[in-house]
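J.: mind folding the following:
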Amino acid sequence: MQLSDLRNIGIAAHIDAGKTTVTERILYYTGRLHRMGNVDEGTATMDWKPQEQERGITIVSAATSCFWKRRPGGNASTREHPCQINIIDTPGHVDFTVEVERCLRVLDGVVVVFCGVGGVQAQSETVWHQAERYRVPRICFVNKLDRRGSDFLRVVDEMQERLGARPVPLQLPLGQADDFMGVIDLIYEEAVVYDDDALGARYEVRPVPEQYRDSVQLWRGHLVESVCEEVEWLADKFLAEEPITPSDLREGLREACVTGRIHPVLCGAALRNRGIQPLLDAICDYLPSPADVPAVVGTNPKTEQSVERHPDPDDPFSAIAFKIQSERHADLFYVRVYSGRLREGTRVFNANQGKMENVTRIYRMHANSREQMEEAGPGAIVALAGLRDTVTGDTLCERGQPVVYERIEFPETVISMAIEPRTQADRKKLDEALDELAREDPTFRQAVDNQTGQLLISGMGELHLEIIRDRLLREFNVEARVGEPRVSYREGLQEPVTVEETFHREVESRPQFARVVIRFEPAPGEGLQFANAVPKDVLPLHMAHAVETALTSNASGPLYGFPLIDVKATLLEAEVDPTSSTELAFEAAANMAQRRALEEGGCRLYEPYMRLEIITPEGRMGDVISYVTSCRGTVQEVIPRDGLRVIRAEAPLAELFGFATRLRSLTQGRGTYSMEPREYRPAAPDALDFA
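T.: A predicted model of the protein is given here:
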């Protein structure tokens, strides 16, 4: 297979937009599945965990691959070779947004699925901006156009208004709601009508019905103008009044989509098997192959100079481990190969850990089943067995040609609860299970409460911790008692302060010396930051790294021992003694400086604020807004939508426990909501019930 025939894509969306159903249809029409699964019945192939099947939602990302050449009939594009499409189906629930984050880090393109009724929803915005951060090209699929209240063009407008996207429709829906029959292709100006008896596998290509011709002319003109604005050679043809053929449009669209200047929009109804084959064509036609993506830039850990790796089998091997899946006998490590070749039974170098790792097996995954491979080349997304020390975000490479790629950043946890084994015999099993879960899930944390001595587990939301508890019982056979969920607070610096500290004492009969001058200052929204202003000839790099580790790893505040956030530390001066300075001494000096800075600069408590999107009947809007206000919430905007009201608001998490129950009561069961972390803000003086 040629590299240009490979597509690495993700399917991402707000919860209930239908992305797993879209993935299921893709696998069916490409021949990867011979029977369609159903999310509501718990039979979807990609939702293979028991918790996913029971709840009807995706919890962990799942990888698969399939092949697609062309759709039969019509004027579809013809390719000499079929495309191999590597697909990662990602969760839509905000509690599992890390699954989207780490997958987008290694993908070349993404299909963002929108609900034709709900439009651009809260998690739609999150996944869109995640893709923007990693500069991943996107195409859009407006799903559920067979539902009452669906409106394709309204959703397109929302993409532009709420996402700042450049949506360009390539299709129009043929019919509405119950009468939705298929799609109208604006490039070829043809109608694609589906056959219900064949589960959407057969369809007929017809001329555009008379009542749609004016709309088709209008939107095709918009399509041509939009592509010409972004593609110079096509604009020259347009200005010269030369005919622009469908092939020209496809070529121009690909150029503009790959560079992220245009976001093609398609439509359909996955549950009724409409619109999936044209979506597959669009994936192959408009999303990039690994050969279209710029060279990946990393850092040589020895010299700290930038190095490039190209999607070439002759380049030195490099890959990123982006996901770990716990298995009973041996963990699976999902990796994206960027350059070179990886062969089964070889050893690779983990440049982050500085250790060699054995690759005993290479697998191509299909949800929870696997197919063994002998080797993987550039662009491959595969799972490896045999690794021991690798964690999410580590770079694997050749020892003689080391490179470290940018690590994946993970959000702060917002909720925690106490946990303890039911019996003493379960204690060791619980510790081992929690370690395994933390290794697999970077947003799951465990720590001992300094005040109570309780073991606390922390995550991204109530559902996240509920799933953890369920997995402990089912997968690890651990019986545990858990407390009520509680907010994960943080502590932060109030005022900038510069501190000088000297560590000079004997440790195990050996003199230790280090002197540092560090400036600490608040850095809202930036996490823990470190900058080194001391030249390498004054302070060796390994000692500077020791200072950074001390200031950014497991730092806690003096008020209640909560983790420290939003502090920037700049190392201004350092003094080294050739005989007694060590990394240990510099870690100790940095810790002393940090403690003093928090005392002198003052420390304050921070609490997590959540972004809420509530959909309520119009007649209940006043009651819902009053309730949000009583939760210390602020309403940002209210949007009318077909007899409903969409309320967007912000409120502290501490006030939102039991929100779902109260909302159901206020709206007589007709209201729905979604919630996602917004940011940490200074907490109210009485925020802690135990303070």
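J.: using PDB, list the CA coordinates for the lowest-mean-pLDDT helix or strand in the chain.
T.: Lowest by mean pLDDT, DSSP states H and E among the helices and strands of the chain is helix 50-55, with a mean of 82. What follows is helix 50-55 as a C-alpha-only set of coordinates in PDB (Å, rounded to 0.1, in the frame of the first residue of the first chain):
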ATOM      1  CA  PRO A  50     -19.600  -3.800  29.600                       C
ATOM      2  CA  GLN A  51     -20.000  -0.300  31.000                       C
ATOM      3  CA  GLU A  52     -20.400   1.100  27.400                       C
ATOM      4  CA  GLN A  53     -22.900  -1.600  26.400                       C
ATOM      5  CA  GLU A  54     -25.000  -1.000  29.500                       C
ATOM      6  CA  ARG A  55     -25.100   2.800  29.300                       C
END
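J.: what are the buried residues along it?
T.: 51-53, 55 (16 or more other Cβ atoms under 10 Å). Quick note: C-beta positions are derived from backbone N, CA and C, even for glycine.
J.: okay, and Lys237 sits in which element?
T.: helix 232-239 (DSSP states H and E).
J.: so who does the closest residue to Glu374 other than its chain neighbours touch?
T.: What sits nearest to Glu374 in space, not counting adjacent residues and going by Cβ to Cβ, 6 or more residues apart in numbering, is Glu344, at 5.4 Å. Neighbour list for Glu344: 359-362, 372-375 [criterion: Cβ atoms under 8 Å, 6 or more residues apart in numbering].
J.: most neighbours of all the residues you listed, which one?
T.: Ile362 (25 neighbours; other Cβ atoms under 10 Å).
J.: how close does that residue sit to Arg481?
T.: 41 Å (Cβ to Cβ, to the nearest Å).
J.: still on that earlier bit, please state the offset of the least confident helix or strand of the chain from the chain centre?
T.: 21 Å (Cα atoms, centre = their mean, to the nearest Å).
J.: quick one: residues in contact with it.
T.: 42-44, 47, 58-60, 467, 470-471, 474.
J.: so where's this protein shaky on pLDDT?
T.: 40, 70-80, 450-452, 687-691 (pLDDT under 70).
J.: longest single strand anywhere in it?
T.: Secondary structure assigned by DSSP state E gives strand 603-617 as the longest strand of the chain.
J.: could you pull out the buried residues of it?
T.: Result for strand 603-617 [16+ other Cβ under 10 Å]: buried residues 603, 605-616.
J.: okay if I get the residues you listed as JSON lines plus distance to His545?
T.: Shown next, in JSON lines, are the buried residues of strand 603-617 (distance: Cβ to Cβ, whole Å):
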{"residue": "Cys603", "distance to His545": "26"}
{"residue": "Leu605", "distance to His545": "30"}
{"residue": "Tyr606", "distance to His545": "28"}
{"residue": "Glu607", "distance to His545": "32"}
{"residue": "Pro608", "distance to His545": "30"}
{"residue": "Tyr609", "distance to His545": "34"}
{"residue": "Met610", "distance to His545": "36"}
{"residue": "Arg611", "distance to His545": "36"}
{"residue": "Leu612", "distance to His545": "41"}
{"residue": "Glu613", "distance to His545": "42"}
{"residue": "Ile614", "distance to His545": "46"}
{"residue": "Ile615", "distance to His545": "49"}
{"residue": "Thr616", "distance to His545": "52"}
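J.: from those, pick the one nearest Asn350.
T.: Pro608 (33.2 Å; Cβ to Cβ).
J.: list of residues touching stretch 569-580?
T.: 498, 500, 502, 510-521, 528-534, 538-540, 543-544, 547, 551-552, 586, 594.
J.: list the ones among those that fall in strands.
T.: Going by DSSP E, the strands hold 498, 500, 502, 510-521, 528-532 from the contacts of stretch 569-580.
J.: out of the residues you listed, which are buried?
T.: Counted by 16+ other Cβ under 10 Å, those give 498, 512-521, 528, 530, 532 as buried.
J.: where's Ala568, which helix or strand?
T.: Slight slip there: residue 568 is Lys, not Ala. Counting by DSSP H and E, Lys568 is part of strand 567-575.
J.: please apply the same query to Glu357.
T.: strand 355-359.
J.: what lines up beside that strand in the sheet?
T.: Partners of strand 355-359 in the sheet, by DSSP bridges, are strand 346-350 (antiparallel).
J.: so Arg309 touches Asp315, yeah?
T.: Yes: using Cβ atoms under 8 Å, Arg309 is in contact with Asp315, at 5.7 Å.
J.: where do the contact lists of the two overlap?
T.: 339-340.
J.: which one of the two is surrounded by more residues?
T.: For Arg309 and Asp315, the more surrounded residue by other Cβ under 10 Å is Arg309, and the numbers stand at 23 against 18.
J.: partner residues bridging that one?
T.: Applying DSSP bridges, one finds that Arg309 bridges with Val296.
J.: perfect, that will be all.
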